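> sequence below, structure please.
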Amino acid sequence: MRQIVNTSNGGYEVLEVQEVPDLEPEPNEVIVKVKASGLNFADILARKGQYPDGPSKPCVMGYEVSGVVDSIGNQVDDEWLGKEVITFTRFKGHAEQVAVRESQLFEKPDRLSYAEAATLPVNYLTAHILITVMGSLQSYESILIHNVGGGVGIAALDIAQHIGATTYGTASKRKHNFLAERGLDYAIDYRNKDWYEELMDLTNEKGIELITDPLGGKEWKRSYKALRTTGRLGMFGISSASEGTSGGIGAIWSMLKTVVQMPFYHPLPLVSKNRGVFGVNLGHMWQEPEKAKIWMNEILKGVEEGWINPHVDATFQFEEAAEAHRYIEERKNIGKVILTP
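Modelled structure (predicted):
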């Protein structure tokens, strides 16, 4: 089989498609023949050496795939053989085959393509935890979705609309028409305007109840400042650390600079201001498979009911992995970017 290998930390040149032996299932595993694999910002940070949870190089990244169960171990239910599935992977998802436990499998909804199905495990699960599980968004509240045009942003918009909350989002101007058609109430052009000032003007200086922020650094301070009474800040990434770097020393320096700019939240101001802050990292939830299964089933129910509608912006073949990374880094995508064998 073929897989996309991060040969070292660095720019696009470190990505190579390599041939390795086909996988054989352990007794409690299944082998999934991959049809589509999600590309996430964590994969880009890992390529540059900015992702502390990433495996040592050389490595294969990728957290989510859709495909067909090709073979099974002798402890696995025979009914899985030949089924179209979605699954989480702890890395190694950017490959033609993945080996996973039966507990990690979910049947692919018929109405979704393989590419659309591959958006669910990371983007929609992250958004669900941010908004529903930990953010507790209510219909009478408002939400600011940073990078609303990205994969997690589109997922968050679907969920927030289903709840009935008022939606605000930051995105480049060229994405605003698409987002309006998706139902975003207020789009803020963060590239040409100060998003904080625009948001406060739109909310008559009241602020927002829930903010989902993948930016990191000094932006977390501004997001916290924009919270209304009983407001919550959900932090789930540090994409600002990646801007303008291609790997190596520059990438490490950029990460350190971003970390230094991050705020510290003391309990007393949180109490006095009636605000909350929390973080989400799917990579640190492998010890909670029962919860993940409940959450994924709720998402799949949303697909069945029609209010979860994944949007795939672009697909790239494995040999085009470098172009796919560049596409995301240049903020060209609206929704999900998918890799296909």
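> host element of the closest residue in space to Ala314 that isn't next to it in sequence?
Counting by Cβ to Cβ, 6 or more residues apart in numbering, Ala314 lies nearest to Val337, which is 5.4 Å off, once chain neighbours are set aside. For glycine as for every other residue, the C-beta is placed from the backbone atoms N, C-alpha and C. Counting by DSSP states H and E, the secondary-structure element that holds Val337 is strand 336-340.
> ditto for Ile31
Ile31 is part of strand 29-39, with elements assigned from DSSP H and E.
> now the helix or strand following that strand - C-alpha only, PDB.
For strand 29-39, the following helix or strand on the C-terminal side (DSSP H and E) is helix 41-48. This file holds the C-alpha atoms of helix 41-48, laid out as PDB (Å, rounded to 0.1, in the frame of the first residue of the first chain):
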ATOM      1  CA  PHE A  41      -4.400  21.900  10.600                       C
ATOM      2  CA  ALA A  42      -2.800  19.700  13.100                       C
ATOM      3  CA  ASP A  43      -1.200  17.700  10.200                       C
ATOM      4  CA  ILE A  44       0.300  20.900   8.900                       C
ATOM      5  CA  LEU A  45       1.700  21.900  12.300                       C
ATOM      6  CA  ALA A  46       3.100  18.400  12.600                       C
ATOM      7  CA  ARG A  47       4.900  18.700   9.300                       C
ATOM      8  CA  LYS A  48       6.600  21.900  10.500                       C
END
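> tell me the angle the strand holding Val337 makes with helix 41-48.
Between the axes of strand 336-340 and helix 41-48, defined by axes from the mean of the first three to the mean of the last three Cα atoms, to 10 degrees, the angle is 60 degrees.
> give the other helices and strands that strand 336-340 contacts.
Strand 336-340 makes packing contacts with strand 29-39, helix 114-117, helix 151-163, strand 312-317, helix 321-329 when contacts are defined by 3 or more Cβ pairs under 8 Å, 6 or more residues apart in numbering; DSSP states H and E.
> ok, which of these comes nearest Asp213?
If you check each of these against Asp213 by Cβ to Cβ, helix 151-163 wins as the nearest, at 10.7 Å.
> that closest one packs against which elements?
Judged by 3+ Cβ pairs under 8 Å, 6+ apart, the packing partners of helix 151-163 are helix 125-128, strand 142-145, strand 166-170, helix 176-182, helix 289-305, strand 336-340.
> buried residues, the fourth one. List them.
Neighbour-count burial for helix 176-182, counted by 16 or more other Cβ atoms under 10 Å, picks out His176, Phe178, Leu179, Arg182.
> dump those to a markdown table, plus pLDDT and distance to Pro214.
Conversion of these to a markdown table gives the following (pLDDT from 0 to 100; distance: Cβ to Cβ, whole Å):
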| residue | pLDDT | distance to Pro214 |
| --- | --- | --- |
| His176 | 98 | 19 |
| Phe178 | 97 | 19 |
| Leu179 | 98 | 17 |
| Arg182 | 97 | 18 |
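> Glu84: which of the residues you listed is nearest?
Proximity of the buried residues of helix 176-182 to Glu84 (Cβ to Cβ) peaks at Arg182, which lies at 26.5 Å.
> give me the pLDDT for Val259.
Reading off the confidence values, Val259 has pLDDT 56.
> and Leu256, by the same measure?
In this prediction, Leu256 carries a pLDDT score of 54.
> low-confidence regions, this structure specifically.
Scanning the chain with the threshold set as pLDDT under 70 gives 238-264.
> domains in this structure, by residue range?
Domain ranges of the chain: 2-119+310-340, 123-283, per automatic domain parsing.
> distance to Met296 added to the ones you listed, as a markdown table?
Converted to a markdown table, these look like this (distance: least, Cβ to Cβ, whole Å):
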| stretch | distance to Met296 |
| --- | --- |
| domain 2-119+310-340 | 6 |
| domain 123-283 | 6 |
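> buried ones in the strand holding Val337?
By neighbour count, with 16+ other Cβ under 10 Å as the criterion, the buried positions of strand 336-340 are Lys336, Val337, Ile338, Leu339.
> and it, which strands flank it?
Each strand paired with strand 336-340, and its direction, by DSSP bridges: strand 29-39 (antiparallel), strand 312-317 (parallel).
> so which of those gets nearest His128?
Shortest separation from His128 across the strands paired with strand 336-340 is recorded for strand 29-39, at 15.5 Å, computed as Cβ to Cβ.
> returning to what we had before: if we compare the domains of the chain, which one ends up closest to Trp295?
Of all those, domain 123-283 sits nearest to Trp295, with 5.5 Å by Cβ to Cβ.
> quick revisit: of all the domains of the chain, which lies closest to Lys293?
For the domains of the chain, distance to Lys293 was read as Cβ to Cβ. The smallest value, 7.3 Å, belongs to domain 2-119+310-340.
> just to revisit the earlier point, could you dump the helices and strands packed on strand 336-340 to TSV with distance to Glu290?
Converted to TSV, these look like this (distance: least, Cβ to Cβ, whole Å):
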stretch	distance to Glu290
strand 29-39	19
helix 114-117	22
helix 151-163	21
strand 312-317	29
helix 321-329	32
